[in-house]
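Novice: need a 3D model of the sequence below.
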Amino acid sequence: MLYLGNLGRKENFGPKTGDKNRVKTVKKNDKTLSSFVSHTCLKIQKFIYSIQEHKPQLCVKLLCLLILKMTIIPAIRPFFLLALISIAIGQPQKTNIGVCTQSVGEVQRKGNVRTGHIRKGESIYHGDKITTGKNAFISFLILEDRSVVKIFDNSVVKIFSDKKPKKPKTEVAIFGGRVSAEINKKKNREFIVNTPVSIASVKGTYFLAEHRTMDHHGPHHQGISDCVFSIMTGLLEVENTVSGKSVLVKDGKTVISLPDGDFQLFDTTDEFLNHYKEPE
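Specialist: Here you go, the predicted structure:
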């Protein structure tokens with residue numbers, strides 16, 4: 001109820017000095033609370049992602065516990081609700097494109113979903129950059145077409161997958177080292193291999209690919225950075241990105257793509273195959 005006192009007296013309904021101070025204090029408290037909530041949600045996100053990275057099963061149990069706490073303790077329900085919403089909004093998009101079937105030695109990845117050591121049975125994601133150390137090895141299965149990709153020691157490779165309906169493709173970018181791939185090519189689906197001076201388009205092929213640096217020692221190496229493709233079965237079209245020239249390589253042949261834009265073609269012999277041996 002509003003009490004006006006004497007009706008003939010004008011009342012001042014504006015905020016008094018004390019009221020202004022109270023308004024400022026409330027605004028300040030609101031900003032402090034908002035900052036606290038944001039900071040808390042960010043910390044919870046990082047904590048959950050850290051657990052998810054190394055112990056995904058524990059992450060599921062923790063989320064179940066959060067939901068249980070929300071129902072049992074009403075007083076802290078808003079904070080847990082904010083945490084769950086924060087986790088859901090901040091969760092990175094996962095594009096699972098393959099699964100690791102073998103991992104030996106120091107095999108690391110850097111990606112948008114996971115970073116760290118890759119173990120057998122773990123998923124391979126779109127955009128993963130995989131690095132293998134000395135005597136290391138990894139093989140994985142591409143889920144879309146059941147193709148098998150193997151990365152040998154001292155290599156750096158990045159994996160991409162584009163599932164656009166009109167032109168789906170899988171791409172393997174070799175920054176250095178050796179890769180083999182046995183491709184079960186689907187209709188209208190491309191499999192591309194990118195190296196620093198070449199692009200290879202796979203046409204239902206089992207092939208070996210290597211990017212050699214200037215200090216590399218190998219067959220027919222001239223002390224320059226080059227790319228070597230050995231075709232075991234099928235066909236591989238290789239384009240040199242310097243000259244724009246392309247060559248169609250058949251099974252039993254090896255092509256070296258040179259930084260001056262030219263190609264060298266050889267029969268595939270044991271000297272090209274010896275350093276593609278898998279660990280026993």
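Novice: okay, buried residues for the helix or strand containing Val249 please.
Specialist: Per DSSP states H and E: Val249 is located in strand 246-250. Within strand 246-250, the residues that count as buried by 16 or more other C-beta atoms under 10 Å are Val249. Glycine gets a C-beta too; all of them are placed from N, C-alpha and C.
Novice: next: stretch 115-127.
Specialist: 118, 122-126.
Novice: could you work out the end-to-end span of it for me?
Specialist: Across stretch 115-127, the terminal residues are separated by 11 Å (C-alpha to C-alpha, to the nearest Å).
Novice: for that stretch, what is the average pLDDT?
Specialist: If you average the pLDDT over stretch 115-127, you get 95.
Novice: residues in contact with Lys203?
Specialist: Lys203 is in contact with 185, 234-237, counting by C-beta atoms under 8 Å, 6 or more residues apart in numbering.
Novice: what about 6 Å?
Specialist: Leu235 (C-beta atoms under 6 Å, 6 or more residues apart in numbering).
Novice: again with the one 10 residues further on
Specialist: With contacts taken as C-beta under 6 Å, 6+ apart, Thr213 has the following neighbours: Ser225.
Novice: now do the same for it: its pLDDT.
Specialist: Reported pLDDT for Thr213: 80.
Novice: other residues contacting the strand holding Val249?
Specialist: Contacts of strand 246-250 (C-beta under 6 Å, 6+ apart): 231, 236-239, 255, 263.
Novice: could those go into CSV alongside distance to Ile199?
Specialist: Converted to CSV, these look like this (distance: C-beta to C-beta, whole Å):
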residue, distance to Ile199
Ile231, 16
Leu236, 11
Glu237, 9
Val238, 8
Glu239, 5
Val255, 13
Phe263, 13
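Novice: just the ones in helices from those residues, please.
Specialist: Assignment to helices by DSSP state H places none of those there.
Novice: now the two most distant members of those residues.
Specialist: The largest separation in the contacts of strand 246-250, counting by C-beta to C-beta, is between Ile231 and Glu239 at 15.0 Å.
Novice: so the two - more neighbours on which side?
Specialist: Set Ile231 next to Glu239 and count neighbours by other C-beta atoms under 10 Å: Ile231 wins out with 24 against 16.
Novice: that one pairs with what?
Specialist: Per DSSP bridges, residues listed as beta-bridge partners of Ile231: Phe207.
Novice: for it, give me its contacts.
Specialist: With contact taken as C-beta under 6 Å, 6+ apart, Ile231 is in contact with 207, 249, 251, 253.
Novice: so how far is Lys134 from the second one?
Specialist: Spelled out, that is Val249. 30 Å (C-beta to C-beta, to the nearest Å).
Novice: also Lys164?
Specialist: Using C-beta to C-beta, Lys164 is found at 38 Å from Lys134.
Novice: same question for Lys150.
Specialist: Distance from Lys150 to Lys134, counting by C-beta to C-beta: 17 Å.
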